[in-house]
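Asker: coords please:
(2 chains)
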Amino acid sequence: MSYTPSEIMTIEAARRLENGTVCFVGIGLPSAAANLARLTHAPDVVLIYESGTIGAKPDVLPLSIGDGELAEHADTVVSVPEIFRYWLQGGRVDVGFLGAAQVDRFGNINTTVIGGDYAKPRVRLPGAGGAPEIASNAKETWIIIKQTKRSFVSRLDFLTSVGHLDGGDSRAKSGARGAGPTAVITDMGVLAPDPVTRELTLVAIHPGITVEEARANTGWDLKVASPLATTAAPTAQELATLRELQEKTAKAHGTSAVSE
Amino acid sequence: MPLADAVSRFVKDGQTVAMEGFTHLIPFAAGHEVVRQARRDLMLVRMTPDIIYDQLIGMGCARGLVFSWGGNPGVGSIHRFRDAIQNEWPRPLAIQEHSHADMAGRYQAGASGLPFSVLRGYVGSDLPKHNDNIRAISCPFTGEKLAATPAINPDVAVIHAQRADRKGNVLLTGIVGIQKEAVLAARSAIVTVEEVVDDLEAPMNACFIPHWVLSAVCEVPGGAHPSYAHGYYGRDNAFCKAWDAISRERDTFLEWMKKHVLGTKTHAEFMRSAGLSVPATMR
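Answerer: Next up is the predicted model:
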């Protein structure tokens, strides 16, 4: 069964989410992967959105972080201060699942500005949202992002949310809690931090993608694990479930819910 | 009270104004009324500035913006906000940028009568380098370093809710966001509601705001359009997408605002003029 790079990215991310995990979910790609996990192997995964919905079980993917769909089928809906103070800062979140505009070799994230300087940027992005505290309070963080030279940069234009900071033990010394980014899932493969330097290393590659292609789409000299694993191709059931979810979503919103 | 009277009485030039809502119950009708009455030099506060703040900024109502995420949810960027920051059009916009957790804490501090909020935040982030309101503090008990930011106490908070009773008590249901904190942090508060009922039938633990902390309650059906009001109508996703094209260029933006917002007197008139209606259902 043929599949797109986006599909294997979402499916590979979903596979990693274990049943019962408490996952603080960003909108877009993380939300698609987390809900695919819930609809396949992890029916009891607990999805938390920053709009205050705990145990969200949306029938279709939310277009925005505060869709009524999320509230309608949640275990409970709490206020925004409560979701951040009690549930995130209180240490109840296993996995913070984030998207990004730019990521660097230590898994630090930019969602603020591209180019120019902060006061006069070339492109003004939406900003931080909940990510700075998700990245520094969840027990670990995953990032899902399409791998290109524009998104995988040697130097961020702005550090919005912390990853492994300058590598080594710099995150641990910074006061950030949790393990930081443990996986970066892309449309080419999966990266994980080196145990000592904390530099993101290509540890798995999707079928049909070459190491050369992954390197050509990375803005730094990408390190590759040896041996390098190959991601399992999506199963018919995974693809069918993802496509059904996206079709239902498109029908409900009159648009694609998997925003980039 | 008619919405126009409430805005006229309680929203003044130069004030700090928070029109809150977390993609649900956004006070669009009230925002339009602020545009109609041509308020100027406002310091706007909002966790998630979206289309209505794009309109206020593009119409030159704001001197500054305090925020944590600015965009058109599910669609993309807000172009008037970007144009103001990138090109200072129609005027420079001073921004104070935070994270959600911090903004929520700042409102809580404001509502709690405290001077500042404290959080485990911004570790490693560049944001504190560009925002003098984000500072470090040591815990007096453990010495641990934490982030501190000043309380937000807006001159006026403006929110939209589903229902009020005849006394002016207000009930919010669904995603309640930061609205209660924004109202309790503010010196005055305007609430627009979908309907006024005889009995709120508020559950015991509901998000209930008593009339005696509010300055004005105005019945404005559809007042959250194109955002949604849980139990009343869904989000108008088609309009949110259309806004991207309307607002991309200055000329088309101004033409649309003049015709439909400045050229009308009430929210109902605005909706007719712009050819809009609230989507019938929550699924």
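Asker: so where's chain B shaky on pLDDT?
Answerer: B:281-283 (pLDDT under 70).
Asker: give the contact list for the residue lying closest to A:Gly167 once chain neighbours are set aside.
Answerer: Leaving out its chain neighbours, the residue that sits closest to A:Gly167 by C-beta to C-beta, 6 or more residues apart in numbering or on different chains is A:Arg198, at 4.4 Å. No exception for glycine: its C-beta is placed from N, CA and C like everyone else's. Residues near A:Arg198 by C-beta atoms under 8 Å, 6 or more residues apart in numbering or on different chains: A:Phe106, A:Gly107, A:His164, A:Gly167, A:Gly168, A:Ser170, A:Arg171, A:Gly180.
Asker: which one of these has the most neighbours?
Answerer: Counting neighbours by other C-beta atoms under 10 Å in any protein chain shown, A:Gly107 comes out on top of the contacts of A:Arg198 with 30 neighbours.
Asker: isn't it up against A:Gly167?
Answerer: No - counting by C-beta atoms under 8 Å, A:Gly107 sits too far from A:Gly167 to count as a contact (9.6 Å).
Asker: now the residue nearest to A:Gly167: how far from chain B?
Answerer: Computed with C-beta to the nearest C-beta, to the nearest Å, the distance linking A:Arg198 and chain B is 13 Å.
Asker: ok, now A:Ile65?
Answerer: Relative to chain B, and taking C-beta to the nearest C-beta, A:Ile65 is found at 6 Å.
Asker: also A:Ile48?
Answerer: Distance from A:Ile48 to chain B, by C-beta to the nearest C-beta: 13 Å.
Asker: so what's that residue closest to, chain neighbours aside?
Answerer: Nearest one to A:Ile48, counting by C-beta to C-beta, 6+ apart, is A:Phe24 at 4.8 Å.
Asker: contacting residues for the one you found?
Answerer: Residues near A:Phe24 by C-beta under 8 Å, 6+ apart: A:Ile48, A:Tyr49, A:Glu50, A:Trp87, A:Leu88, A:Val93, A:Val95, A:Gly96, A:Phe97, A:Gly130, A:Ile134, A:Ala138.
Asker: the fourth one: neighbour count?
Answerer: Read it as A:Trp87. 19.
Asker: my read is it is in a strand, agree?
Answerer: No - per DSSP: H, G, I helix; E, B strand; the rest coil, A:Trp87 lies outside any strand segment and is helix.
Asker: quick check: it touching A:Ile48?
Answerer: Yes - at 6.3 Å, A:Trp87 counts as touching A:Ile48 under the criterion of C-beta under 8 Å.
Asker: returning to that earlier point: which one of the contacts of A:Phe24 is nearest chain B?
Answerer: A:Gly130 (4.2 Å; C-beta to the nearest C-beta).
Asker: measure that closest one to A:Val93 for me?
Answerer: In this view, A:Gly130 and A:Val93 are 11 Å apart by C-beta to C-beta, to the nearest Å.
Asker: between the two, who's got more neighbours?
Answerer: A:Gly130 (30 against 24).
Asker: before we move on, the earlier item: in CSV, list the contacts of A:Phe24 along with secondary structure and pLDDT.
Answerer: As requested, those are arranged in CSV below (DSSP: H, G, I helix; E, B strand; the rest coil; pLDDT from 0 to 100):
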residue, secondary structure, pLDDT
A:Ile48, strand, 98
A:Tyr49, strand, 97
A:Glu50, coil, 96
A:Trp87, helix, 98
A:Leu88, helix, 98
A:Val93, coil, 98
A:Val95, strand, 98
A:Gly96, strand, 98
A:Phe97, strand, 98
A:Gly130, coil, 98
A:Ile134, helix, 98
A:Ala138, coil, 98
